[in-house]
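S.K.: Kindly generate the corresponding structure for this input.
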Amino acid sequence: MTQAQFFQAVAEGSQVSKVDVRQVFQAIEQIVTKSLKKEGKIPLGGLGAVKLVDRKARMGRNPATGEQIKIPARTAIKITPAKALKDAFNKKAKK
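M.R.: Model (predicted):
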(Lines give C-alpha, C1' and ligand atoms only; values in the text may rest on other atoms or scores of the structure.)
Protein backbone atom coordinates (compact mmCIF):
# COMPACT_ATOMS: atom_id res chain seq x y z
CA MET A 1 0.00 0.00 0.00
CA THR A 2 1.35 3.40 -0.92
CA GLN A 3 0.96 6.53 1.16
CA ALA A 4 -1.61 7.88 -1.32
CA GLN A 5 -3.61 4.64 -1.11
CA PHE A 6 -3.44 4.76 2.69
CA PHE A 7 -4.73 8.35 2.78
CA GLN A 8 -7.48 7.41 0.30
CA ALA A 9 -8.58 4.46 2.47
CA VAL A 10 -8.62 6.62 5.62
CA ALA A 11 -10.56 9.33 3.77
CA GLU A 12 -13.16 6.82 2.60
CA GLY A 13 -13.40 5.18 6.02
CA SER A 14 -13.84 8.46 7.87
CA GLN A 15 -15.83 10.29 5.18
CA VAL A 16 -13.47 13.27 5.00
CA SER A 17 -11.34 14.55 2.14
CA LYS A 18 -7.85 13.26 1.37
CA VAL A 19 -6.53 16.78 1.93
CA ASP A 20 -7.96 16.77 5.46
CA VAL A 21 -6.49 13.32 6.14
CA ARG A 22 -3.06 14.47 4.94
CA GLN A 23 -3.26 17.56 7.21
CA VAL A 24 -4.22 15.43 10.20
CA PHE A 25 -1.27 13.09 9.64
CA GLN A 26 1.10 16.04 9.26
CA ALA A 27 -0.18 17.37 12.60
CA ILE A 28 0.27 13.94 14.20
CA GLU A 29 3.84 13.79 12.90
CA GLN A 30 4.64 17.19 14.44
CA ILE A 31 3.01 16.32 17.77
CA VAL A 32 4.79 12.96 18.02
CA THR A 33 8.15 14.57 17.22
CA LYS A 34 7.70 17.33 19.81
CA SER A 35 6.41 14.92 22.46
CA LEU A 36 9.27 12.47 21.95
CA LYS A 37 11.80 15.26 22.32
CA LYS A 38 10.09 16.49 25.49
CA GLU A 39 8.87 13.31 27.21
CA GLY A 40 10.57 10.40 25.44
CA LYS A 41 7.36 8.38 25.05
CA ILE A 42 3.92 8.85 23.51
CA PRO A 43 0.91 6.50 23.34
CA LEU A 44 -0.83 6.01 20.00
CA GLY A 45 -4.26 4.80 21.10
CA GLY A 46 -5.03 1.23 20.11
CA LEU A 47 -1.92 1.02 17.93
CA GLY A 48 0.70 0.99 20.67
CA ALA A 49 3.37 3.39 21.83
CA VAL A 50 6.44 5.14 20.47
CA LYS A 51 9.42 5.74 22.73
CA LEU A 52 13.07 6.69 22.62
CA VAL A 53 15.68 4.13 23.66
CA ASP A 54 19.42 4.59 24.11
CA ARG A 55 21.60 2.12 22.22
CA LYS A 56 25.10 1.52 23.59
CA ALA A 57 28.21 1.68 21.45
CA ARG A 58 29.28 -1.74 20.19
CA MET A 59 31.60 -3.52 17.84
CA GLY A 60 30.28 -4.78 14.53
CA ARG A 61 31.59 -6.21 11.27
CA ASN A 62 31.61 -4.86 7.76
CA PRO A 63 29.82 -7.68 5.89
CA ALA A 64 31.74 -6.99 2.68
CA THR A 65 35.26 -7.06 4.12
CA GLY A 66 34.85 -8.74 7.50
CA GLU A 67 36.68 -5.80 9.08
CA GLN A 68 35.65 -4.88 12.64
CA ILE A 69 34.05 -1.48 12.99
CA LYS A 70 32.88 0.51 15.97
CA ILE A 71 29.18 1.33 15.93
CA PRO A 72 28.63 4.51 17.97
CA ALA A 73 26.02 4.95 20.69
CA ARG A 74 22.77 6.51 19.50
CA THR A 75 19.18 7.21 20.39
CA ALA A 76 16.70 5.04 18.49
CA ILE A 77 12.94 5.18 18.11
CA LYS A 78 11.10 2.04 19.22
CA ILE A 79 7.50 1.31 18.31
CA THR A 80 5.75 -1.16 20.60
CA PRO A 81 2.46 -2.50 19.27
CA ALA A 82 -0.62 -2.66 21.51
CA LYS A 83 -1.69 -6.08 22.79
CA ALA A 84 -4.89 -6.04 20.70
CA LEU A 85 -2.89 -5.32 17.54
CA LYS A 86 -0.42 -8.14 18.27
CA ASP A 87 -3.24 -10.55 19.09
CA ALA A 88 -4.94 -9.79 15.75
CA PHE A 89 -1.96 -11.36 13.97
CA ASN A 90 -0.92 -13.99 16.50
CA LYS A 91 -4.07 -15.95 17.13
CA LYS A 92 -3.39 -19.01 19.24
CA ALA A 93 -4.80 -22.33 18.09
CA LYS A 94 -7.74 -23.44 20.21
CA LYS A 95 -7.45 -26.92 21.71
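
S.K.: And the contacts of stretch 76-94?
M.R.: Outside of stretch 76-94, the residues within contact range by C-beta atoms under 8 Å, 6 or more residues apart in numbering are 36, 45, 46, 47, 48, 49, 50, 51, 52, 53, 54, 55. Where you see a C-beta, it was placed from the backbone N, CA and C, and this is true even at glycine.

S.K.: out of these, which are inside helices?
M.R.: Of the positions in these, residue 36 sit in helices, assigned by DSSP state H.

S.K.: Could you pick out the buried ones from the contacts of stretch 76-94?
M.R.: With burial judged by 16 or more other C-beta atoms under 10 Å, the buried subset of those is 36, 48, 50, 51.

S.K.: could you dump those to a markdown table with pLDDT?
M.R.: Listed next are these as a markdown table, based on pLDDT from 0 to 100:
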| residue | pLDDT |
| --- | --- |
| 36 | 91 |
| 48 | 92 |
| 50 | 92 |
| 51 | 93 |
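
S.K.: For residue 69, see how far away the residue nearest the centre of the chain is.
M.R.: The chain has residue 79 as the residue nearest its centroid, 4.6 Å off, counting by C-alpha atoms, centre = their mean. Between residue 79 and residue 69 the distance is 27 Å, computed by C-beta to C-beta, to the nearest Å.

S.K.: And residue 39, by the same measure?
M.R.: Separation of residue 39 from residue 69 (C-beta to C-beta) stands at 33 Å.

S.K.: Flag the shaky bits of this structure, pLDDT-wise.
M.R.: Low-confidence regions of the chain, defined here as pLDDT under 70, cover residues 92-95.

S.K.: any idea how it splits into domains?
M.R.: If the domains of the chain are taken from automatic domain parsing, they occupy 1-39, 40-90, with pieces of a single domain joined by a plus sign.

S.K.: For the first one, list every residue counted as buried.
M.R.: For domain 1-39, the buried set under the neighbour-count rule, 16+ other C-beta under 10 Å, comprises 7, 10, 11, 21, 36.

S.K.: and the first one, that one's in a helix?
M.R.: Yes - the assignment for residue 7, made by DSSP: H, G, I helix; E, B strand; the rest coil, places it in a helix.

S.K.: Correct me if wrong: it contacts residue 19.
M.R.: No - with the criterion set as C-beta atoms under 8 Å, residue 7 and residue 19 do not qualify as a contacting pair; they are 9.1 Å apart.
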